[in-house]
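> curious how this folds, go ahead:
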Amino acid sequence: MTVQHETRLPRVAYMKFPFRLEREGPATSTRMDHIREQVMQVLFTSPGERVFRPEFGFGARRHVFEPNAAPLWELARNRLFGSLAEALAGEVDPKTLEVEVGPGPNEPEVLLVTITYTIAALQKEESLSFTL
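Down below sits the predicted model:
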């Protein structure tokens, strides 16, 4: 009996975020898209919003009307880093997770969030930016 080993990642379909239905059923995402969607879920979910995971989320909405200053950036960076590290465990190499929070270039009224990480199984680096 010959055993064949997979040299690629298994092709698994994940439920798309935000959830939506299509003709064939629920919309699905690839693994790479799923990881990006997990980042968005953490960023835009407020702590306490999920009944069975009250600590989940960063709550970007609550930072929109805060003063855009260094103390906010450090607090936001630490909260977001902790939430992302937990949510992305197993998918992302935790040593490579970086979170930057600060004003947008030439836009002091904008809060810019940049998240960089390496997909553990592929050793592929990704960087996502969000303007709040």
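
> which strand or helix spans the most centrally placed residue in the chain?
In the chain, the centroid-proximal residue (Cα atoms, centre = their mean) is V39; its distance is 1.1 Å. Taking DSSP states H and E as the definition, one finds V39 inside helix 31-44.

> grab the longest strand from the chain for me.
Counting residues, the longest strand in the chain under DSSP state E turns out to be strand 107-119.

> for it, which outside residues touch it?
32, 35, 39, 43, 60, 63-64, 68, 72-73, 76, 80, 84, 88, 91-93, 96-105, 124-132 (Cβ atoms under 8 Å, 6 or more residues apart in numbering). Bear in mind the C-beta positions are built from the backbone N, C-alpha and C, glycine included.

> so what's V99 bridging to?
V99 has the following beta-bridge partners by DSSP bridges: I115.

> end-to-end on stretch 54-62?
16 Å (Cα to Cα, to the nearest Å).

> quick one on the thing from earlier: surely the residue nearest to the centre of the chain and A85 touch.
No: the pair V39 / A85 is not scored as a contact, 11.6 Å apart, by Cβ atoms under 8 Å.

> distance between the lengthiest helix in the chain and the chain's centre?
In the chain, assigned by DSSP state H, the helix with the most residues is helix 70-87. Counting by Cα atoms, centre = their mean, to the nearest Å, helix 70-87 is centred 12 Å from the centre of its parent chain.

> other SSEs contacting that helix?
Helices and strands touching helix 70-87, by 3 or more Cβ pairs under 8 Å, 6 or more residues apart in numbering; DSSP states H and E, are helix 31-44, strand 98-104, strand 107-119.

> any chance of these in CSV with distance to K16 as columns?
Shown next, in CSV, are the helices and strands packed on helix 70-87 (distance: least, Cβ to Cβ, whole Å):
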stretch, distance to K16
helix 31-44, 7
strand 98-104, 24
strand 107-119, 19
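
> returning to that earlier point: now do the longest strand of the chain against strand 98-104, angle only.
Per axes from the mean of the first three to the mean of the last three Cα atoms, to 10 degrees, the angle that strand 107-119 makes with strand 98-104 is 160 degrees.

> cool, thanks, signing off.
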